[in-house]
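[1] sequence unknown, structure follows:
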């Protein structure tokens, strides 16, 4: 009897250790996605507009640096393709919060703010160089940037919570396979749901737990799944929905 108990305890310990390894791997992949998102956010919010501001002031101070700084700004923006590709690959391996859009909104706020300050400072500096900062184009540029700033901040404040209550993952099979797998599981469990097909994919509305599952085509062979309206009310059902979609 003691041998059987020890064997069972050994199996239980192995299962727990495997679960811990999987959990650590998922956390590691999520943290890698977050780091790449933060890198894109910082670069677009500070580095690129900072270089553009330097390029603007070099027009007066060091004109020879103007083309160099322009190339640096383009290169910094182009280098963001690398973290974007890493994120794309990682999204096939784990679920993560859909936080990229809110971070891009924050980056745009930083970019517009630095641009407004730079244009205003440049117009003041032009007084000492014989230019006229009262030209209509100067006020039009500043006004347009301020309107963009208000619009971006309004959009962010309205939709940020929705993005942060959403998790997403990519899958290497077509959306139809995900839809049928999810529909069969929901019908088997007796959960009432609505299945709405649209031009941007299929939306499953599970009113019982308040969860929405949006299955969208990523390309011809792959799909993207968004779990929306995640809250404390439906968090306990989240693992089952994920396991169903993953085919576990």
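    Arrived safely. Please read these numbers as outputs of a predicted model, since none were measured by experiment.
[2] Give me the nearest residue to the residue most central in space within the chain, chain neighbours excluded.
    Closest residue to the average C-alpha location of the chain: residue 100 at 1.7 Å, with Cα atoms, centre = their mean. Sequence neighbours aside, residue 37 is the residue nearest to residue 100 in space, at 5.3 Å (criterion: Cβ to Cβ, 6 or more residues apart in numbering). All C-beta spots, glycine's among them, are computed from the backbone N, C-alpha and C.
[3] Contacts only, for the one you found.
    Residues in contact with residue 37, defined by Cβ atoms under 8 Å, 6 or more residues apart in numbering, are 83, 87, 99, 100, 103.
[4] Who are the contact partners of the nearest residue to residue 44 once chain neighbours are set aside?
    Sequence neighbours aside, residue 107 is the residue nearest to residue 44 in space, at 4.0 Å (criterion: Cβ to Cβ, 6+ apart). The contact partners of residue 107, by Cβ under 8 Å, 6+ apart, come to 40, 41, 42, 44, 45.
[5] if we go to 6 Å?
    41, 44, 45 (Cβ atoms under 6 Å, 6 or more residues apart in numbering).
[6] okay, the residues you listed in TSV with secondary structure, distance to residue 142 and pLDDT next?
    As requested, the contacts of residue 107 are arranged in TSV below (DSSP: H, G, I helix; E, B strand; the rest coil; distance: Cβ to Cβ, whole Å; pLDDT from 0 to 100):
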residue	secondary structure	distance to residue 142	pLDDT
41	helix	25	92
44	helix	21	88
45	helix	19	89
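[7] pLDDT score for the residue nearest to the centre of the chain?
    Per-residue confidence (pLDDT) for residue 100: 92.
[8] if I've got this straight, residue 94 is in a strand?
    No - counting by DSSP: H, G, I helix; E, B strand; the rest coil, one finds residue 94 to be coil, located in no strand.
[9] That one: neighbour count?
    Residues lying near residue 94 (other Cβ atoms under 10 Å) number 17.
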